[in-house]
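Asker: got a structure for you, letters missing:
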Ligand SMILES: Nc1ncnc2c1ncn2[C@@H]1O[C@H](COP(=O)(O)OP(=O)(O)OP(=O)(O)O)[C@@H](O)[C@H]1O
């Protein structure tokens, strides 16, 4: 054995690396298996060029645990290294890159990817690393290199009858979990699932039943099938994941079964996009549209990021726009810098281009679905809507594309694009300021009375009942020309779309004052009272919540502010022109009867919006019975 000293200052590297990467210790396996894959791929490339003498033979990578010797070995049959190369790559490259790493990240709190640490990460879990390697080059002698993590190493001869490299980790006391099968299997599943070279970890038993094939004498039963168990290699990875294949060669079933492979528990996706671009950056992948009508949060963090089939992370926030994190699937790009900090990543021009590209592809896919089969698109809208609206709210570019296919649904289940909607309502729902007024409900059942009243006026009532709808209609108001939205309960039906016409008030000034005072007494602090000349056919008492005030309050609630101090700004509108007001209130001489009738009308208005409960509701029911009797 020859001894030497590694040329860089490594004495102090261990504590720093261990401290930095403690929580991410497990990436050592990804790094070492990636090196093994690289070495194997390089050999295959050389073989294709005719630069390898003799047969290539098996190229499978083995992961071996020896619990007794406390070693974990990563064995490849790749290009291997000569003694010179070991000295060059392991002593100089690997260890000096570790030094670079420490220099670079000393002051950096967050690190993404951790690539660039490579071979050296072995020392995060091992206190001694042994490498036995033999170059594919003809006449190469096997070499053994041993390093215990300090600057000294040993190099000498070894036994090995095939080319490639064994990296033998003598696992340290505080990392013994890496000697357990289940732990290693879990890590391989996470990081190595789609690596391009087969990776074997132990064996598994395959069971087969063989039917009895001999003669069965008459009256005798055929013997039960024979159970045959065979030990076969346990290859843990799929070397040709779907996203690397040519979309033209794939069927829908292929995509669906790949989705199942990624998310065994999930519902089948609605559709997908196969991404494939070489220039100006390299990116492949498949993005699936899940059914998102349920909880939004459940859907997140389902996109996995790969770099040349090596799993990197499922935290893709910096790479795809926020709304696209609702999608599922895989993005694979060697062009996303992985060894840098997040802030750098956000500013990176390649990442920006990738983000733009993905957004564009998603919008194009939706646009083509919309164009090709509108009926199907409408069927999927309950799941798609949230996603499209979210995108339109959060990305200007997506808004411009999305406005062509975003659908507004009305209470009759009819869907229209913004343009179609504009056309449909412009005649009847343009107000005196020349604005188009969209009318919507947030709760079809509860606001049924109000919806009917609006429809009686020929208004179209949209359904906006998802949490995303409030910011969405705000976005429409900002971006669309002369368009505004009001909820059915924001004004009396005739005032939803403000027209210029002044109505005559059938009550005298004095009568109006009497009615105002009477109702103010009854309503108390629950709201303000106003007497207005509405249509004769409109209800005598109505309750409205002005749009602006209600939205303000909702917004504050959304931001987690305590709004209990602000009363619900409810307005009680008395329809001066409804004959009931005259007949059942003003015409009554008896104060008590007058007040009782007014209370009854007020409670009817509350009831029609499901705002009546408790003792008030009981009083209302009792009074109704009495009236009937
Ligand atoms: N299993 C292996 N077979 C052959 N050569 C290897 C093997 N592992 C490492 N090497 C050599 O050692 C060098 C240093 O490895 P290291 O993992 O530190 O860096 P890297 O692979 O070049 O880059 P990265 O930092 O992305 O991992 C490699 O470039 C390669 O030449």
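Answerer: Nice, thanks for sending it over. These figures come from a predicted structure and were not determined experimentally. Residues are numbered from 1 along each chain as shown.
Asker: Would you indicate which residues of stretch 146-154 are buried?
Answerer: Across stretch 146-154, burial judged by 16 or more other C-beta atoms under 10 Å covers 146, 147, 149, 151, 153. Just so you know, the C-beta spots here come from the backbone N, C-alpha and C atoms, and that holds for glycine as well.
Asker: number of nearby residues for residue 222?
Answerer: 10 (other C-beta atoms under 10 Å).
Asker: got the contact list for it?
Answerer: Neighbouring residues of residue 222 by C-beta atoms under 8 Å, 6 or more residues apart in numbering: 212, 216.
Asker: now do the one 4 residues further on
Answerer: Taking C-beta under 8 Å, 6+ apart as the criterion, residue 226 is in contact with 209, 210, 212.
Asker: among the residues you listed, who's most crowded?
Answerer: residue 212 leads the contacts of residue 226 on contacts (other C-beta under 10 Å) with 12 neighbours.
Asker: To which secondary structure element is that residue assigned?
Answerer: Here residue 212 is covered by no helix or strand, with elements defined by DSSP states H and E.
Asker: out of everything not next to it in sequence, what's closest to it?
Answerer: residue 223 (4.5 Å; C-beta to C-beta, 6 or more residues apart in numbering).
Asker: re the thing from before, could you identify the most distant pair in the buried residues of stretch 146-154?
Answerer: 146 and 151 (13.3 Å; C-beta to C-beta).
Asker: Quickly find the element holding the closest residue to residue 78 other than its chain neighbours.
Answerer: Counting by C-beta to C-beta, 6+ apart, residue 39 is the residue found nearest to residue 78 once chain neighbours are left out, at 2.9 Å. Assessed by DSSP H and E, residue 39 sits inside helix 27-48.
Asker: how about that helix, does it get close to the ligand?
Answerer: Yes - counting by C-beta under 6 Å from any ligand atom, the ligand is contacted by helix 27-48 at 31, 35, 36, 39.
Asker: how many neighbours does whichever residue of the stretch 101-250 of the chain sits closest to the ligand have?
Answerer: Nearest residue of the stretch 101-250 of the chain to the ligand (C-beta to the nearest ligand atom) works out as residue 118 at 2.3 Å. Look at residue 118: counted by other C-beta under 10 Å, it has 20 neighbours.
Asker: how does the protein divide into domains?
Answerer: 2-201, 242-375, 407-495, 509-627 (automatic domain parsing).
Asker: and residue 594, which of the three is it?
Answerer: helix (DSSP: H, G, I helix; E, B strand; the rest coil).
Asker: In the stretch 51-200 of the chain, where is pLDDT below threshold?
Answerer: Scanning the stretch 51-200 of the chain with the threshold set as pLDDT under 70 gives 93-117, 151.
Asker: again, only this time at 50
Answerer: Counting by pLDDT under 50, the ranges of the stretch 51-200 of the chain that qualify are 109-115.
Asker: What segments of the stretch 401-550 of the chain are helices?
Answerer: 418-425, 448-456, 469-479, 509-523, 547-558 (DSSP state H, counting those that start in this stretch).
Asker: what mean pLDDT does the second one have?
Answerer: On average, the pLDDT along helix 448-456 is 94.
Asker: List the buried residues for that helix?
Answerer: For helix 448-456, by 16+ other C-beta under 10 Å, it's 448, 449, 450, 451, 453, 454, 455.
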